[in-house]
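*Asks:* no sequence for this one, just the structure:
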């Protein structure tokens, strides 16, 4: 896989630029890998459970052609039966591999086969069994255990996300093993969505759990804030350098303490409507910005996903199985209350992601190119692909430059695909920069410096992974 | 016209891929050609009446530079005079031919001159008369009659669109001549817009006509549904494999029978307001999906056009003369009621079109890549052009792959331009696939299989033109 | 700087096409240069005051990385201190020059260094002082005074924008010097925003000033209209050929005189709310269209900017210092009242700009390709860049052609950057046209004619700078 432009001049320059980024360590401050994977360091299960079952990019595509997730082994939450035979699942994937032509899933998977597992047979119905056996054999070897791969992948730091009510026991084990803690290889991220979203079933119960965990009186709004602050302290102690906020919209709101307390009480009393819930989420972003100014956590904000759009899928298989769909997202008015309060403060760092590319030239690049606190996160989710990455640079750079972006970060549950994803980004950025060089818009030496910044130095710096400020 | 990328490696690959698609028959399941053209098989009138008068791409562009449609012979509905001299109209086009630089209309027209009529003089003021005479001479020859061209164009199947109250007499004649009927060369499409849109002048009268035609009591909502079902049966008997729905928005609504009946009665009573009309249209899409599950008609949905935007044009010349303008279109929330009900059912096929490209990465590709019933239609109308086709593949493929699209279909009233339009699409797809190959993202043999699928096999399969399921 | 495509065939064609545009005079009918600059013809101050202080593209980018505008010498309106040492400001820019990699600001600046000042040392911290000294020395020379540069830049005509209550004294001086007046080199533009926007602080006072200036009774709506007409006459006498309208939205409204008068009185009485103010602005666009039909001024409309988004910046430094952010803009419904009234009238010319690229294929190209009065303005502001210009042609041309666009116009306060901006546009258009030629979509001779039209003939014609109609 070159991914470089076909035109010879640009390809030559791209190759040269890529060489400056290729071997840099991977910075992964926005991951969704299960930390137990690295804490336990058990062998991976069979290939189907590694490559198909947990990867909603893969199960979605098969579902879109009429193959229900149950046949792919996706666990059900309603007790209905699902396929358990790894080889059967694997064959289904292989028979339908043509569906993935032109998709990043195919690129990543083939790259993992070639570069992690060291073979490059073409995947398909004829080779499915052979490849299944080969992969299974490798997965039993010690050098294919998670920690060994982590080291081989040259990952410098990997963050996972945990709710404030997570006890962080897994991260404690990682720290005890010399893998976690501040400055460690595996760190946590403070993700409070399920504590600020009153519309998320079980909210009040989770708030109560937060109170128990911290000993704060979460019956009051100040107690709720104090409890969150207390948990943030412990997350920082477990190595966290950022928080992560996935909201339906980018709305922010700067309420008085009294008004916020009213909403909070309504929520606890079960009397909050959708507008109240939205206002509370919006206000909490400003509260979290305030906390960030104190404890230094970088805020990550990614709005605009309609969660669980496919209700039948959600009913049968629960959350995070591929039923989320992006929707149009407004940032200019939505972020104004937060930016009015803290946008010019360079001590605050907000990394903004989007699923709505139309906002790049119109809203996000002008905002990031105008406020000291804002950085643009890498193309997220559906956009984490060669064309998506290229369009990101083409639409963002002219207004925000390279240095108001946070460099590349992956966003995956699929541990083995992490190096492939970073490599794709490095190649695409090399191609984009090569065009600038070939068109005399940037000297080669500055392009070389830039690609190393995008691949490594920028995410490390923006996410405060370069040590105490 | 190559349309292939200029870069030598990609051009060579594109040429090779194109060879796999070039000679495949044309599948045209979404056309607007008048079926009488093929039923009567009369010679075409003069060149102006073939190339200018009925083509609103052409008359719009001239109007935008101050040449009113009346001077171009566009029939009036208000009795005002219009130009009748074909040669005068033709000269006006020729003198203003520079306006079409860079447009698909120019590409198609020059391609038709060269490939259908066999000459390649440059069109313009100096050659206008000569070309007019040459075209006129050809059009008098038997091999330029519609059926002869149809055969020469290698069209395998062409669908036209008819209202449920059309008597299908023209299609009956086609069937009698061995040209129509199920599996025939010219088939119909069930297009019920003017029977479900209460805001369309004359709605109640058309509903009454539907009642008469079917003998159903359309004074009641169940009678209305029964009448529509009866007409669908006859459309299927006339060869239809799909229905076609052009709505202002993509809204769908899953009302109870009782609630739907209330709206229907309000409409018949003249008491429906705009919201009622929208709700009724939205609900009827879910009804039609239900009918499709029974009779197998593929649903085509193309929302988002503001019809008759130019009121003066509409007042003078009526509908479908170029006064429609796209507007922003929302799909994620709008389609949810329909998808909740039937989206995961692979027996249902919904082909979605859009005039709003911003929805491709954000909404349509994720939806089509997540629901078994959804396919994305080819770039429609203003987007049926080299750049539009290229952007479609670049924005859709990474999330939905190739196989959640319905392949290329044209959307034209301009019979002679059909092969040109398909050829443009095949060339652009060849160029896109060549880039994937040149960048090592897809092996050549799979790209070759893919281009044949996009050009021929996919539309045939998705539109159920490959025989009984 | 070539900016031409890297691929050899296209580069060769682009070079050839560019030669047809390179030396054509510059038409600049939409500028924001201070006319006093050319009326007084004083030497420019130091390099920082020429390149940094007044250029909000530059100060924004530095602010986005935590360097407050006060440190860059941006004048304050609240009396707070700002940097006054030109060299210190210059060094700050030089030390942060990497922030501008990939931005048009960098392209323009380096081009000005090379082509206006004749040196091509790489700008940066090491060369900052040396370049500062070199620039300072040049700026003291007579051939670097504004009028000398104007002549050297080959500017044929430059328009500035003035409020109706401007006394036009500066333009009178220019006329007296043989530089201004109808057909002159420096002309004015009628920009009435601060007289039609009731929400702009001081509106009533400015209306009163308009009354005094014209002797009309602006206490009544007819008097207000008469006063505006009177000022337009004087603007025309000072050389104006266009008016300029920067509104929050594209809304237009065709009220009766009586209804408009009611809004006007509410505004004067301080009783107008936001909806009233929007309605009044919207209606005034239709009034201005009416006036244009009488006096021939071309209307320029650029909606969609959220002004003064950064409140702290606005409080400290006032308007037009980089705190404006684009937002989503709707045109199809918004412009309909105006288009219903006058859209098909080719005597009216409306040049539409946008900051929202998503509207190009969806709304603006179809509208401009359908109404005789509409032309699309060049990519504006954040989009006046190589990628922005390229996307404009790629998204607009297929539906609107080249001749429903108004050719290239710059939009700058930065006098020295005018030739660089035009040159970038000519190069990018050459590259776009070269692709059409290389892909056999346009013959070379027509592409050559087209590039000259885009660069020179079209703006001259559309803005009525080619003499009386």
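*Replies:* Great, that's in hand. From a predicted model like this one, the values you see are computed outputs, not experimental measurements.
*Asks:* Endpoint to endpoint, stretch A:111-129 covers what distance?
*Replies:* Taking CA to CA, to the nearest Å, the first and last residues of stretch A:111-129 lie 19 Å apart.
*Asks:* Mind checking if it is in reach of chain B?
*Replies:* Yes - using CB under 8 Å from any CB of the partner chain, stretch A:111-129 reaches chain B at residue A:122. Quick note: C-beta positions are derived from backbone N, CA and C, even for glycine.
*Asks:* What average pLDDT does that stretch get?
*Replies:* Mean pLDDT, computed over stretch A:111-129, is 94.
*Asks:* residue nearest the centroid of chain A?
*Replies:* Compute the mean C-alpha point of chain A, and by CA atoms, centre = their mean the closest residue is residue A:411, 2.8 Å away.
*Asks:* tell me the phi and psi of residue A:190?
*Replies:* For residue A:190, the backbone dihedrals (degrees, to the nearest 10) come out as phi -80, psi 110.
*Asks:* which ones are touching it?
*Replies:* A:162, A:164, A:231, A:232, A:235, A:240, A:242, A:243, A:244, A:297 (CB atoms under 8 Å, 6 or more residues apart in numbering or on different chains).
*Asks:* Look up how far residue B:106 lies from it.
*Replies:* The gap separating residue A:190 from residue B:106 is 58 Å, by CB to CB, to the nearest Å.
*Asks:* three-state assignment of residue A:27?
*Replies:* With DSSP: H, G, I helix; E, B strand; the rest coil as the basis, residue A:27 sits in strand.
*Asks:* Equivalent analysis for residue A:158, please.
*Replies:* Applying three-state DSSP: residue A:158 is strand.
*Asks:* Quickly list what it is bridged to.
*Replies:* Under the criterion DSSP bridges, residue A:158 forms beta bridges with residue A:28, residue A:186.
*Asks:* ok, it - contacts?
*Replies:* A:28, A:31, A:33, A:38, A:150, A:185, A:186, A:187, A:418.
*Asks:* Reformat these as CSV; add pLDDT.
*Replies:* Listed next are those as CSV, based on pLDDT from 0 to 100:
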residue, pLDDT
A:28, 97
A:31, 89
A:33, 93
A:38, 97
A:150, 98
A:185, 97
A:186, 98
A:187, 98
A:418, 96
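*Asks:* can I assume residue A:175 is in contact with residue A:184?
*Replies:* Yes - between residue A:175 and residue A:184 a contact is recorded at 6.5 Å, counting by CB atoms under 8 Å.
*Asks:* so what sits against both of these two?
*Replies:* In contact with both residue A:175 and residue A:184: residue A:239, using CB under 8 Å, 6+ apart.
*Asks:* Hmm, residue A:333 and residue A:250 touching each other?
*Replies:* No - between residue A:250 and residue A:333 there is no contact, the gap being 9.1 Å when judged by CB under 8 Å.
*Asks:* Please name the nearest non-neighbouring residue to residue A:421.
*Replies:* Using CB to CB, 6 or more residues apart in numbering or on different chains and skipping the chain neighbours, the partner closest in space to residue A:421 is residue A:410 (4.3 Å).
*Asks:* correct me, but the one you found touches residue A:418?
*Replies:* Yes - Residue A:410 is within contact range of residue A:418, at 5.6 Å (criterion: CB under 8 Å).
*Asks:* who's in contact with residue A:321?
*Replies:* A:56, A:59, A:69, A:74, A:313, A:314.
*Asks:* Would you map the helices across the stretch 201-350 of chain A?
*Replies:* With helices called from DSSP state H, counting those that start in this stretch, the stretch 201-350 of chain A shows them at A:203-214, A:221-237, A:257-268, A:274-295, A:311-317, A:336-342.
*Asks:* Next to chain B, which bits of the stretch 1-150 of chain A? Give me the list.
*Replies:* A:1-7, A:60-61, A:63-66, A:68, A:98-104, A:107, A:122.
*Asks:* In the stretch 201-350 of chain A, what residue lies closest to chain C?
*Replies:* residue A:346 (3.3 Å; CB to the nearest CB).
*Asks:* count of residues packed around that residue?
*Replies:* Residue A:346: 14 surrounding residues under other CB atoms under 10 Å in any protein chain shown.
*Asks:* hmm, back to that, which one of the helices of the stretch 201-350 of chain A has the lowest average pLDDT?
*Replies:* helix A:311-317 (a mean of 93).
*Asks:* before we move on, the earlier item: now render the helices of the stretch 201-350 of chain A as a markdown table, adding mean neighbour count.
*Replies:* As requested, these are exported to a markdown table (neighbours: other CB atoms under 10 Å in any protein chain shown):
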| stretch | mean neighbour count |
| --- | --- |
| helix A:203-214 | 17 |
| helix A:221-237 | 19 |
| helix A:257-268 | 17 |
| helix A:274-295 | 19 |
| helix A:311-317 | 19 |
| helix A:336-342 | 21 |
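*Asks:* re earlier: let's see which of the residues of the stretch 1-150 of chain A next to chain B end up in helices.
*Replies:* A:60, A:61, A:63, A:104, A:107 (DSSP state H).
*Asks:* Now stretch A:122-142: buried residues?
*Replies:* The neighbour-count check on stretch A:122-142 (16 or more other CB atoms under 10 Å in any protein chain shown) flags A:123, A:128, A:131, A:132, A:134, A:135, A:136, A:138, A:139 as buried.
*Asks:* distance of residue A:242 from residue A:21?
*Replies:* 23 Å.
*Asks:* Quick one: residues contacting residue A:203.
*Replies:* By CB under 8 Å, 6+ apart, residue A:203 lies in contact with A:194, A:195, A:197, A:267.
*Asks:* Can you give me the distance of it to residue A:194?
*Replies:* Per CB to CB, residue A:203 is found 7 Å from residue A:194.
*Asks:* One more: residue A:250?
*Replies:* 19 Å.
*Asks:* Which residue of these two possesses the greater neighbour count?
*Replies:* Neighbour count, other CB under 10 Å: between residue A:250 and residue A:194, residue A:250 has more, with 25 against 16.
*Asks:* what separates that one from residue A:459, distance-wise?
*Replies:* Counting by CB to CB, the gap from residue A:250 to residue A:459 is 22 Å.
*Asks:* which residues touch the residue nearest to residue A:260 when sequence neighbours are not counted?
*Replies:* Using CB to CB, 6+ apart and skipping residues adjacent in sequence, the residue nearest residue A:260 is residue A:283, 5.3 Å away. By CB under 8 Å, 6+ apart, the residues touching residue A:283 are A:252, A:253, A:254, A:255, A:260, A:263.
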